[in-house]
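Q: Fold the following and give me the result.
(4 chains)
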2 protein chains.
Amino acid sequence: MATGRTERPAHRGRGIPEATVARLPLYLRALSALSERGVPTVSSEELAAAAGVNSAKLRKDLSYLGSYGTRGVGYDVEYLVYQISRELGLTQDWPVAIIGIGNLGHALANYGGFASRGFRVAALLDADRAVAGQRIAGMVVRHMDDLEQIVRDDHVSIGVITTPAPAAQGVCDRLVAAGITSILNFAPTVLSVPEGVDVRKVDLSIELQILAFHEQRKSTSDGAAPNLPPAAPGAAASRAGDVGGDLPEVMPA
Amino acid sequence: MATGRTERPAHRGRGIPEATVARLPLYLRALSALSERGVPTVSSEELAAAAGVNSAKLRKDLSYLGSYGTRGVGYDVEYLVYQISRELGLTQDWPVAIIGIGNLGHALANYGGFASRGFRVAALLDADRAVAGQRIAGMVVRHMDDLEQIVRDDHVSIGVITTPAPAAQGVCDRLVAAGITSILNFAPTVLSVPEGVDVRKVDLSIELQILAFHEQRKSTSDGAAPNLPPAAPGAAASRAGDVGGDLPEVMPA
DNA sequence: CCAGCTTTGTGCACACGTTCACAAAAGCCT
DNA sequence: AGGCTTTTGTGAACGTGTGCACAAAGCTGG
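A: Next comes the predicted model:
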């Protein structure tokens, strides 16, 4: 969505659909597991099951990468691991900086899943001078003042923001100014960035709210009557007067 | 996707598109900020900017909830906060259990964002008896043995899995057996669940890989030549023999 | 009470994503 | 060598999501 290349005819040649890109890591993980078990080849049906998608989708996804795979046999596991890794850019090193060493930043610094697949935690930073200087996961936490220098010297290419929400935009701006063009944001805020910078968001609270929505649906449709009379259309207008009233408690009655 | 109601004509009446549901929490957050600043009304243009979406999309999203909003004026902030909250099911209490108190589970237990909006951490569980019994975030960690009883007694409705990957499916199965139908999974595994159970996945490693993909694109299209000669079609077949070779290092040459 | 301005709600067209279903390719067995 | 089986790769139909553009609705000022 942030990647608005002007001239993209379709997805012929080098254009892989965004939805496909988002699934490649899933396939890669399943393939890695097969590889470790020494499985030499896998069919689209088996791999799809392992990745939790349907097989037609998997085949179409893989077809964007090229015509790997052998009809009547399946896909060579090792070869496909390599092709997907290369496509995702995992054959190179991606130094990552984590900014904001609170509970979450601390956990991420220690998180094993980070280290695998070319992602290397190159630096930990915090704005609090009491935190900077501490050793975490074998690294010394640096102070925010050194951000620009660290990005430059360590060739940091991805910034992970785990600060409190109010600080996130400021940190983001500094990262962008320092040349970072890929940001993973854990702070519950919308970050605004210039064209060409990719931001991905991980938001716990949003995920829970989506779950709650579906959960509510389940319980209201199973037996209990939907807890709202459709509230005559036009109610918004007739009610627009009582601004400032504590509607949340009043309306539902 | 998991919600496969047989008869859903379109989105008239009570059917809100999934994409819209995913954005409602965003709007809600923006609205809450406005509410705290005492702003009484907001236009679709302003709210859209605050939520980082375009205004037509926002209006269409809100129109699924009903015809709140007043032409020529905008939306009443408080009223809309309430309507979205109700639609998402946030007017009720959602007790959450966190299973797996490692780095991440520990961080989540202390995470403030959890507590807001009706989500309440009702229990922390771990399979390790050395962890069970510890006090974290003011709660005593319970042992996995008590899972079923805790779910029942505390009316837990959402399970958060923060165990290592190999343990996740087993925990998931026990949660489902105990009656949980909403799961937030942080373990890097595909969980298989019966129909009717919703699973949402938060996967750090996948997000990083997607960023890496785009980052790679940026650098290869800026100047440097694409680092692969298209590798004659049919190569997969001719190469299918050398299984077991360390292709990853060999192929790129 | 009317004219003009603002802003919502939505019909429509288009883009993107998913799934079906099948021809083409490859291996295998007799 | 030829037919049978398996499985890929993809054309085509369908469904979902996005964005434009505008009519309808409401407010305000004269």
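
Q: I'd like to know how many residues surround A:V53.
A: Other residues lying near A:V53 total 17 when counted by other C-beta atoms under 10 Å in any protein chain shown. Yep, even glycine has a C-beta here, placed from its N, CA and C like the rest.

Q: Just the C-alpha atoms of the longest strand anywhere in chain A, please, in CSV.
A: In chain A, with assignment by DSSP state E, the single longest strand is strand A:119-126. Provided in CSV are the C-alpha atoms of strand A:119-126 (Å, rounded to 0.1, in the frame of the first residue of the first chain):
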residue,chain,number,x,y,z
PHE,A,119,18.1,-10.3,10.7
ARG,A,120,20.6,-9.2,13.2
VAL,A,121,20.0,-6.9,16.2
ALA,A,122,22.7,-4.4,15.6
ALA,A,123,21.8,-1.9,18.3
LEU,A,124,19.5,-1.1,21.2
LEU,A,125,18.6,2.5,22.0
ASP,A,126,16.7,4.3,24.6
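
Q: so what does that strand touch, helix or strand wise?
A: strand A:94-99, helix A:103-110, strand A:139-140, strand A:142-143, helix A:147-153, helix B:204-221 (3 or more C-beta pairs under 8 Å, 6 or more residues apart in numbering or on different chains; DSSP states H and E).

Q: Where do the helices of chain A begin and end?
A: A:18-36, A:44-51, A:55-65, A:77-88, A:103-110, A:112-115, A:147-153, A:165-177, A:204-221, A:235-239, A:247-250 (DSSP state H).

Q: The ones you listed into JSON lines, with extra columns for distance to B:G52, mean pLDDT and mean neighbour count?
A: Listed next are the helices of chain A as JSON lines, based on distance: least, C-beta to C-beta, whole Å; pLDDT from 0 to 100; neighbours: other C-beta atoms under 10 Å in any protein chain shown:
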{"stretch": "helix A:18-36", "distance to B:G52": "17", "mean pLDDT": "98", "mean neighbour count": "19"}
{"stretch": "helix A:44-51", "distance to B:G52": "30", "mean pLDDT": "98", "mean neighbour count": "19"}
{"stretch": "helix A:55-65", "distance to B:G52": "28", "mean pLDDT": "98", "mean neighbour count": "17"}
{"stretch": "helix A:77-88", "distance to B:G52": "26", "mean pLDDT": "98", "mean neighbour count": "22"}
{"stretch": "helix A:103-110", "distance to B:G52": "22", "mean pLDDT": "94", "mean neighbour count": "22"}
{"stretch": "helix A:112-115", "distance to B:G52": "27", "mean pLDDT": "74", "mean neighbour count": "16"}
{"stretch": "helix A:147-153", "distance to B:G52": "24", "mean pLDDT": "98", "mean neighbour count": "16"}
{"stretch": "helix A:165-177", "distance to B:G52": "12", "mean pLDDT": "98", "mean neighbour count": "17"}
{"stretch": "helix A:204-221", "distance to B:G52": "13", "mean pLDDT": "92", "mean neighbour count": "20"}
{"stretch": "helix A:235-239", "distance to B:G52": "25", "mean pLDDT": "37", "mean neighbour count": "15"}
{"stretch": "helix A:247-250", "distance to B:G52": "25", "mean pLDDT": "30", "mean neighbour count": "14"}
